[in-house]
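J.: Take this sequence and fold it.
(one chain, ligands or ions: 1)
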Amino acid sequence: MSDKTFPTRAEVVVIGGGVMGLSTAYHLAKGGTTDVVVLEKDELGSGSTCKAAGGVRAQFSDAVNVELGMRSLEVFRNFPELFDQEIDYHESGYLFLLEREEDLHTFERNVELQNSLGLASRIIGVEEAAAMSPLASTEGLLAGVWSPEAGHCTPESVVQGYARAARALGVRIIRQCEVTDVVRDGDTLTGVVTSQGDIATDTVVCCAGAWSRRLGEMVGVDLPVDPVRRELLVTEPIADLPDRVPFTIDFSSTLYFHREGPGLLVGMSNQDEEPGWSLEHTDAWLEQVIEVAERRVPLLEEVGMASRWAGYYEVTPDHNALIGEAEGVSRFLYATGFSGHGFLQGPAVGQVMAEMYRGEALSVDVSGMSTERFAGAGLRREFNIV
Ligand SMILES: Cc1cc2nc3c(=O)[nH]c(=O)nc-3n(C[C@H](O)[C@H](O)[C@H](O)COP(=O)(O)OP(=O)(O)OC[C@H]3O[C@@H](n4cnc5c(N)ncnc54)[C@H](O)[C@@H]3O)c2cc1C
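T.: Numbers count the residues shown, from 1 in each chain. Okay, the predicted model is just below:
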């Protein structure tokens, strides 16, 4: 079929051309399910993926997130060989800076869990933290938490790598194509309605990020995902920047930074930000960053800003992902609501989604991540996020 012909049916329709949708499509096709169409309402990666800071790690408080992170790190580390695509992966390590006693206790428990799963991480003293990340002031710090097998890479390149590999295996990727309805006949899905035409299918995978709640509503499935603005900036070049700057996170303020070319990428959560659809830059955020930087990264006061942008965190009630297959309708699968840590889980989650579609044993047991948790055992809070 020519790439220009709009498909009228597909075995699987994946909604969303971010890291999750593209990795899922790639893994479906790699496992032999090649009649797959990815629909993206805008451009590939234009949702949250290409707004991400590019941080990749496995240092989490939930065992499933540790496992998804570890498996994904393995892929990021080998991405050029696997996908013939450079992603500028820097294994800079991740350093959390702690100043509250209660955080230290929680991180101690998390480190135990991470080590038991095979991830190298450890609590370090303030002096060692200062030596590792000399740009950070140690004022008021109690300890650091270090994980060497982590770093950052370029989301745009990861998106391109997955998209090219998926296309090579026969996946159709259609941009500027918005899904406006998902059609069901009783308990069975029969197709999707899009801005470019209808596609008959009996399987939809929702990888629509911050926009997922609306997709769920089309099918009658509750996907509790809210968009929450997050802002970032990149500084102008900084003279004598160390070659290796760990991805450093001041946990109590949420300010973080890593090296981005000749400068630093700096992010922080927007304090008191309510869910909503706005990506405007705010002076309030910049003022908050400056206030924290004064104390924690004084160098930032002296450098100019080269660029800034905002994106959406796709936030769930417990800041943990929604991964599963809906009950009561056949077949609607979802991988969404990554609450700010989805880029780093893309490789492993895509594989899990392909396995779930084919009814194979899951490489990571994500059964506890389904939306059923809100009705049953309750929330499953991920603690190690900012
Ligand atoms: C400022 C910022 C910094 C971040 N930093 C990190 C980080 O360092 N590390 C990390 O792991 N994560 C980070 N994240 C989070 C990360 O970006 C997301 O968790 C991840 O990109 C989610 O990927 P996704 O594919 O699920 O969603 P998206 O990339 O948002 O993709 C969903 C796509 O679905 C499309 N879509 C929606 N509705 C429809 C429809 N009806 N029809 C067709 N297409 C549709 C959208 O246009 C979008 O492209 C950050 C996020 C932000 C905003």
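J.: When you work out contacts or count neighbours from here on, use the C-alpha atoms and nothing else.
T.: Will do.
J.: got the buried residues for stretch 375-386?
T.: Neighbour-count burial for stretch 375-386, counted by 16 or more other CA atoms under 10 Å, picks out 379-380, 382-384, 386.
J.: cool, and stretch 174-185?
T.: 174-175, 177-179, 181-184.
J.: now swap in stretch 121-140 and tell me
T.: Those would be 121-124, 126, 129-130, 132-133, 135-138, for stretch 121-140 by 16+ other CA under 10 Å.
J.: How about stretch 261-279?
T.: Neighbour-count burial for stretch 261-279 [16+ other CA under 10 Å]: 262-270.
J.: Tell me which of the residues you listed fall in strands.
T.: Among those, the members found in strands (DSSP state E) are 263-269.
J.: could I get the residues you listed as TSV with pLDDT and distance to Val219?
T.: Formatted as TSV, those follow (pLDDT from 0 to 100; distance: CA to CA, whole Å):
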residue	pLDDT	distance to Val219
Gly263	97	45
Leu264	97	43
Leu265	98	39
Val266	98	39
Gly267	97	36
Met268	97	35
Ser269	93	32
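J.: picking up where we left off before, closest to the ligand among the buried residues of stretch 375-386?
T.: The ligand lies nearest to Val386 out of the buried residues of stretch 375-386, by CA to the nearest ligand atom, at 9.4 Å.
J.: In the protein, where is pLDDT below threshold?
T.: Within the chain, the stretches with pLDDT under 70 are 1-3, 376-378.
J.: care to break it down by domain?
T.: 12-50+156-225+318-375, 94-148+227-313 (the TED database).
J.: near the ligand, which residues of the stretch 1-150 of the chain show up?
T.: With CA under 6 Å from any ligand atom as the criterion, the stretch 1-150 of the chain meets the ligand at residues 15-21, 39-42, 44-49, 51-56.
J.: My error: substitute the stretch 251-386 of the chain in the last question.
T.: Residues of the stretch 251-386 of the chain lying near the ligand (CA under 6 Å from any ligand atom): 310-313, 336, 338-344.
J.: which of those residues sit farthest apart?
T.: Greatest spacing in these, by CA to CA: Ala310 and Thr336 (19.3 Å).
J.: more crowded one of the two?
T.: Thr336 (30 against 20; other CA atoms under 10 Å).
J.: Enumerate every residue touching Met218.
T.: Neighbour list for Met218: 181-183 [criterion: CA atoms under 8 Å, 6 or more residues apart in numbering].
J.: residues contacting the residue nearest the centre of the chain?
T.: Taking CA atoms, centre = their mean, the centroid of the chain lies closest to Gly342, which sits 1.6 Å from it. Gly342 is in contact with Met20, counting by CA under 8 Å, 6+ apart.
J.: Leaving out sequence neighbours, find the closest residue to Phe257.
T.: Once flanking residues are discounted, Phe257 sits nearest to Val266: 4.4 Å by CA to CA, 6 or more residues apart in numbering.
J.: for Val219, same thing?
T.: Val182 (6.1 Å).
J.: that older thread, of all the buried residues of stretch 261-279, which comes closest to the ligand?
T.: Ranked by distance to the ligand (CA to the nearest ligand atom), the buried residues of stretch 261-279 are led by Gly267 at 7.0 Å.
J.: now the closest one, nearest residue through space, not along the chain?
T.: Using CA to CA, 6+ apart, the nearest residue to Gly267 is Leu232, at 4.5 Å.
J.: So what pairs up with the one you found in the strands?
T.: Beta-bridge pairing for Leu232 (DSSP bridges): Gly267, Trp309.
J.: Would you agree Leu39 is in contact with Gly16?
T.: Yes: assessed by CA atoms under 8 Å, Leu39 is found in contact with Gly16 at 5.8 Å.
J.: the more surrounded of those two?
T.: Gly16 (32 against 26).
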